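Visitor: Predicted model and sequence below, questions to follow.
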Amino acid sequence: MKNILRIYMFSVLAMGLFACNKTLDVVPTNQVNADESIKTPADAQIMINGIVRSMGSADYYGRNFLLYGDAKGGDMTIPSQGRGNDALYTFNHSATSGSYSGYWSQIYFSLLQVNNLLENIARLEATGATGYNSFKGQALTLRAMMYFDLVRLYGKTYDLDKNAFGVPNVTTPLKPSAQPLRNKVNENYTQVLSDLTAAAPLLGKTKANGFINYYGNLALQARVYLYMKDYPNALKAAEEIITSNVYTLYSNAAWLDSWKAQFGSESIFEIGVYPLEGDLGAGSIGAYHRKKGDGGSTILGWFIASDYFLDRLKQDATDVRWGVMNDDELSTTTKPRKGSLYKFSGNTALAGDGKATATAVNLKLIRLSEIYLIAAEAALPTDALKAATYLNAIRKRAPALAPATALTVSVDMILDERSKELYGEGQRFFDMIRLNKSITFNDEVIGISVATRPKTIDRTFYKTLLPISQAEINANPGIQAQQNPDY
């Protein structure tokens, strides 16, 4: 497939988001003709397919964004240096090296597609055309998701400094000469919430496998409000999903096999990955978490669980979540170590999720279990019993642990449960930073000394934000004055 608008001699943001319909190639299930705007709802569906597909890129949810949230959060470590992406773990970032500018360029590329779709829908609706509500709602929700991800990568947490620089809000196609500057964090969050609230009434309430529906929108609202510490609104959104009964939690007996099934009862937003469409092979998120050599010589064993995470999981030897863990390369017969993760390989036998390869496994991005944990955290300040009840719905996956009560439930207990349940799903670092927790890294597991970060960090450490890359600054010089501090 051609590299439309991906020529990196120019900034994707400064030069790529221009007013043009030449955004997508002709791929029947993916994208729309680069030389045509949409004319029918079927064309809009093709563009939505392409947007969702672009979100499965290696630089976004296909691998690197999920790695970012785990490698930096203390629950993972590396079994060796130099295999790839360990700069995420060591925080080896600068504007000129290790900037991980792929997040910026890929997400803004996806935003380009969203903004073109929304502009075309507005043009059609101005002529009286109908039938586009769902596509508009999906596009607005996905745009909100992308901006929420960008501001978490490049902007300070909302409660720390909402007036700090976030990322440029670009909601319409730009002229080629445009060089937009960074908005403030609170302006990014305002845009995110504006898109989500505008989109919600446009979306259907039935399950939409592989796409965003009304409840996917509510799930994102719950996440965003939680990060803003707007607990009443986070709880309201989460409880509407829970009480709808459109999604149901897995029993302990069914939890393990859920990872080798597509679009299960807990899956609120899941991106489809197929052998000839989005399968990253040895570069997939599933491959990056396996034991070295498991599935071929190109499987290098990039990341493993830290001792800290394993100690947390060891609180209950019967915890069903042990089922997605397997021996890592540090494991020995006398000292077994279940540090390799197999969620995104289907299971430890590499079953995949029903497709030809075990790397073409769908990306489960929003699950009902997360919504219960959001509800628990959001309820805690005002209703400890309700918080304990929602927490216990997930905590029972470790049946030997005593249930939480109104007297024992705490933020740390909920955070520990999020760690165990969402391990490998890109959440831990962001959880620790938004809750102002310290993160300690398990460097001693292979005896390394990291010069590019301390062993323990908190959100005052400047590298908890990514730098604006030098390539972006070269293409958009005005953004130099808005570089993140200390880079």
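Guide: Looks like it came in fine.

Visitor: Could I get the full set of strands for the stretch 1-150 of the chain?
Guide: 76-77 (DSSP state E, counting those that start in this stretch).

Visitor: where does it have low pLDDT?
Guide: 1-36 (pLDDT under 70).

Visitor: What about the spatially closest residue to Val167 that is not a sequence neighbour, how many residues nearby?
Guide: Nearest residue to Val167 in three dimensions, chain neighbours excluded: Leu150, at 4.5 Å (Cβ to Cβ, 6 or more residues apart in numbering). No exception for glycine: its C-beta is placed from N, CA and C like everyone else's. Leu150 sits with 22 neighbouring residues when counted by other Cβ atoms under 10 Å.

Visitor: Tell me if I'm right that Leu150 and Asn188 touch.
Guide: Yes. Between Leu150 and Asn188 a contact is recorded at 7.5 Å, counting by Cβ atoms under 8 Å.

Visitor: Overlap in contacts, these two.
Guide: 166-167 (Cβ atoms under 8 Å, 6 or more residues apart in numbering).

Visitor: related to what we said a few turns ago, what's near enough to touch the residue nearest to Val167?
Guide: Leu150 is in contact with 103-104, 107, 166-167, 188, counting by Cβ under 8 Å, 6+ apart.

Visitor: Report the separation between it and Ala144.
Guide: To Ala144, Leu150 is 11 Å away according to Cβ to Cβ, to the nearest Å.

Visitor: What of Leu235?
Guide: Here Leu235 is placed at a distance of 19 Å from Ala144 (Cβ to Cβ).

Visitor: cool, Ile366 as well?
Guide: 13 Å.

Visitor: what is in contact with the two at once?
Guide: Leu220.

Visitor: Tell me how far Asp316 lies from Ala402.
Guide: Taking Cβ to Cβ, one finds Asp316 at 10 Å from Ala402.

Visitor: neighbour count winner among these two?
Guide: Each of Asp316 and Ala402 has its neighbours counted (other Cβ under 10 Å); Asp316 has more, 17 against 9.

Visitor: what pLDDT does that one get?
Guide: For Asp316, the pLDDT comes out at 98.

Visitor: The nearest residue in space to it that is not next to it in sequence and Gly278, how far apart?
Guide: Nearest residue to Asp316 in three dimensions, chain neighbours excluded: Ala398, at 3.8 Å (Cβ to Cβ, 6+ apart). The gap separating Ala398 from Gly278 is 34 Å, by Cβ to Cβ.

Visitor: With Glu421 instead?
Guide: Counting by Cβ to Cβ - Glu421 and Gly278 are separated by 25 Å.

Visitor: likewise Ala393?
Guide: Counting by Cβ to Cβ, the separation of Ala393 from Gly278 is 32 Å.

Visitor: just checking, what packs against the longest helix anywhere in the chain?
Guide: Looking across the chain with DSSP state H, the single longest helix is helix 102-126. In terms of contacts (3 or more Cβ pairs under 8 Å, 6 or more residues apart in numbering; DSSP states H and E), helix 102-126 is packed against helix 41-55, helix 64-71, helix 133-154.

Visitor: Return the distance of the first one from the chain's centre.
Guide: Using Cα atoms, centre = their mean, to the nearest Å, we find the averaged C-alpha position of helix 41-55 to lie 19 Å away from the chain's own average C-alpha position.
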